[in-house]
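> Here is my input, please return the structure:
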Amino acid sequence: MTEIFIGSEALASGRVTRHELKRCYRPVFRGVYAPDGVELSLRDRAIAAWLASRRRGVVAGVAASALHGAPWVDPSQPIELVGVRMRPQPGLIPRGDAVGSDEITTIGGLPVTSRVRTAFDMGRRLQRAEALARLDALMWNQRYDVDEVAQLGQRHPKAPGLARLYELLPLVDGGAASIPESRVRLWLHDAGLPSVETQIPVVVGSRPVAWLDMGWRDYQVAVEYDGDHHRKNRQQYVKDIARLRMLEALGWIVIRVIVEDSPDDVIARVEAALIARGCNLDFDDMQRFKRSLVA
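Residues are numbered from 1 along each chain as shown. Modelled structure (predicted):
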């Protein structure tokens, strides 16, 4: 475990000298130090932020979700602290929000907002697409009760962003296997398309031969997000092609999405596939969605 400490406390106890502090350690946040040259994990930085708050803050937001085990969080993610008032600084975002004792848990000795409170904060404070993606990611490794998240709004009725939170909670789906998949699913929802299912098993006989990111099994239309590893890894690319041919042979239409695709292009391709399979779409909703992309 990386050594993280408050400089003034270490000097007062004689643990380090001023010369050693300057020569062998570097500041992480104001007054908090770590060994020079050591790469810090998100947890290391969360500990440093908590120490910078003089052990009063509670780790919250996306950093808290990572400590709960949510995937796809960059180690350099800024650390949010709630329940404390202090000056912000690069990489540390303090918030004076009230937090109940039952909204706090301890992870490895570090005070962290509970899974439900973490979802409550992310759903309110992040931009809409990012919020849904982070709520999905938090659900990916362990389920939480979205009704309990909504109930926190009754306890904190003046908290900003409640309308966004309430709108997103019914859309949370722990089947999203990446941040971009959540964003694509939100495009499909906003376009007024039928509710999409995630992690669809493709079964031959009694054996699953593939799992689809999302789609509509009644129409055998799937939407798959291809990340960079699909294109940069030749072995993965070959497997993807073989998998696609197998799915097409089984009657599936697969819409492949890459990072360069625009929402309107993806929606147009999905719309065409669903119509080809006999799905009746609400074109009023479709047109409203397309106009919103231009606005």
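
> how about the helices in the stretch 51-200 of the chain?
Listed from the start of the chain, the stretch 51-200 of the chain has helices (DSSP state H, counting those that start in this stretch) covering 61-67, 115-125, 128-141, 146-155, 162-168, 179-190.

> who touches the fifth one?
Counting by CB atoms under 8 Å, 6 or more residues apart in numbering, the neighbours of helix 162-168 from elsewhere in the structure are 120, 123-124, 128, 131-132, 135, 149-150, 153. The C-beta positions use only the backbone N, C-alpha and C, and glycine is treated the same way.

> tell me how far that helix is from the chain's mean position?
Relative to its parent chain, helix 162-168 has a centroid offset of 16 Å by CA atoms, centre = their mean, to the nearest Å.

> Give me the mean pLDDT for it.
Over the span of helix 162-168, the pLDDT mean works out to 97.

> and what of the third one?
Taken as a whole, helix 128-141 carries a mean pLDDT of 96.

> Mind listing what's buried along that helix?
129, 131-140 (16 or more other CB atoms under 10 Å).

> From the contacts of helix 162-168, pick the one nearest Gly14.
Phe120 (43.5 Å; CB to CB).

> contacting residues around that closest one?
Residues counted as contacts of Phe120 (CB under 8 Å, 6+ apart) are 149, 152-153, 156, 159, 165.

> gap between stretch 86-100 and the chain center?
If you compare the mean C-alpha spot of stretch 86-100 with that of the full chain, they lie 20 Å apart, counting by CA atoms, centre = their mean.

> now the end-to-end length of it.
Distances were taken as CA to CA, to the nearest Å; on that basis the terminal residues of stretch 86-100 are 19 Å apart.

> can you give me the mean pLDDT across that stretch?
What stretch 86-100 shows for mean pLDDT is 96.

> in the stretch 1-150 of the chain, which ranges drop under the pLDDT threshold?
1 (pLDDT under 70).

> mind checking the longest helix of this structure?
If each helix of the chain is counted by residues according to DSSP state H, the longest one is helix 234-249.

> Touching the helix or strand just after that one from outside, list them.
From helix 234-249 onward toward the C-terminus, using DSSP states H and E, the following helix or strand is strand 253-257. Residues external to strand 253-257 that are found in contact with it (CB under 8 Å, 6+ apart): 180, 184, 212, 220-226, 244, 247-248, 266, 269-270, 273, 276-277.

> repeat that with 6 Å
184, 221-226, 244, 247, 266, 269-270, 273 (CB atoms under 6 Å, 6 or more residues apart in numbering).

> Next up, the contacts around Ala273.
The contact partners of Ala273, taken as CB under 6 Å, 6+ apart, are 221, 253.

> Ile47 too?
If a contact means CB under 6 Å, 6+ apart, then Ile47 has Ile4 as its contacts.

> Okay, it and Gly57: tell me how far apart.
The gap separating Ile47 from Gly57 is 11 Å, by CB to CB, to the nearest Å.

> cool, Leu21 as well?
With distances taken as CB to CB, Leu21 is found 23 Å from Gly57.
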